[in-house]
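>>> quick check, what structure comes out for this input:
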Amino acid sequence: MATKNKKTNNAPISDESIIEALTTQMKIKDAAKVLGRSYNWLLKKSHDLVQAGLIESRDAYPVYHRTGGPAGKTITVYFNSAVWPQDKYYIRGSFDEWQSEPGFALVSSSSDNAYYSVAITLPQGVEGADFFINNGQDLNDPANLYQPAPGANFHLSASDGSDFTIENFDNAHPGKPQN
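Numbering: from 1, shown residues only. This is a model prediction of the structure:
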C-alpha cells in the first residue's frame, strides 16, 4: 500500500508547496532539494508562477545574493534585445554602487543581433547585485531604462559555476539602489 504523502520525482507538486520552498530556503538549489526536483525545473516553475501573477519576483528570490567569492569573480550577463529594442545597451549594478555611467556596454553575441552579453568582474566580497539596463541616453528619463526580470530574456552566469540569481526590483533607479 502506497503512503499518501510519498513523493516521487514525477509526483505533482502544488503551487503552494513550491511557493513555500522558494520563500523559506536560502538558495533556489536548496528549495529544489526540498521539493525533490532539479534546480532548472524550479527556476522554470518559479518563472511561470511569477508570469501567472501568483507570486512576485521578490518572493521567488528572497535571498538572491548568496554567492560571495574572491576578487576577480566574473559574471556574464545575457540579454534578449527582443524585449526592449534599442540601438545600444548598457548595464549598471549596485555592486559598484551605481558608479559606472552609462554602464558596461553589452555587445551582440549572435548573428541576428538578438542576444547581447557582457562579462563583469565583481569586487571582492560582493554577494549579489541589483541591475538595470539603459540605452545610453539620459538616465533620469524612465523611458531610457529597462528593469530586467529573471527568466529567459535576462540571466547571469558566474565563471566559477556558483549560483548567481537575480531579483526584479520594480523601483530600481541609478542613483537610488534598493536595499
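
>>> Three-state assignment for residue 47, please.
Put simply, residue 47 is helix when judged by DSSP: H, G, I helix; E, B strand; the rest coil.

>>> helices of the chain, start to end?
Counting by DSSP state H, the chain has helices at residues 15-24, 28-35, 39-51, 57-60.

>>> by average pLDDT, which secondary structure element in the chain comes out worst?
When the helices and strands of the chain are compared on mean pLDDT, DSSP states H and E, helix 57-60 comes out lowest with a mean of 52.

>>> closest one to residue 123 among the helices of the chain?
helix 28-35 (23.8 Å; C-beta to C-beta). Quick note: C-beta positions are derived from backbone N, CA and C, even for glycine.

>>> so what does that closest one touch, helix or strand wise?
Judged by 3 or more C-beta pairs under 8 Å, 6 or more residues apart in numbering; DSSP states H and E, helix 28-35 is in contact with helix 15-24, helix 39-51.

>>> hey, least reliable of those helices by pLDDT?
The stretch with the lowest mean pLDDT among the helices and strands packed on helix 28-35 is helix 39-51, at a mean of 77.

>>> give the buried residues for it.
Neighbour counts over helix 39-51 (16 or more other C-beta atoms under 10 Å) mark 39, 42, 43, 45, 46, 47, 49, 50 as buried.

>>> got those residues as JSON lines, with distance to residue 133 columns?
Shown next, in JSON lines, are the buried residues of helix 39-51 (distance: C-beta to C-beta, whole Å):
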{"residue": "39", "distance to residue 133": "25"}
{"residue": "42", "distance to residue 133": "25"}
{"residue": "43", "distance to residue 133": "21"}
{"residue": "45", "distance to residue 133": "25"}
{"residue": "46", "distance to residue 133": "22"}
{"residue": "47", "distance to residue 133": "18"}
{"residue": "49", "distance to residue 133": "24"}
{"residue": "50", "distance to residue 133": "19"}
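
>>> with respect to residue 16, which of these is nearest?
Using C-beta to C-beta, the buried residues of helix 39-51 come closest to residue 16 at residue 49, 10.5 Å.
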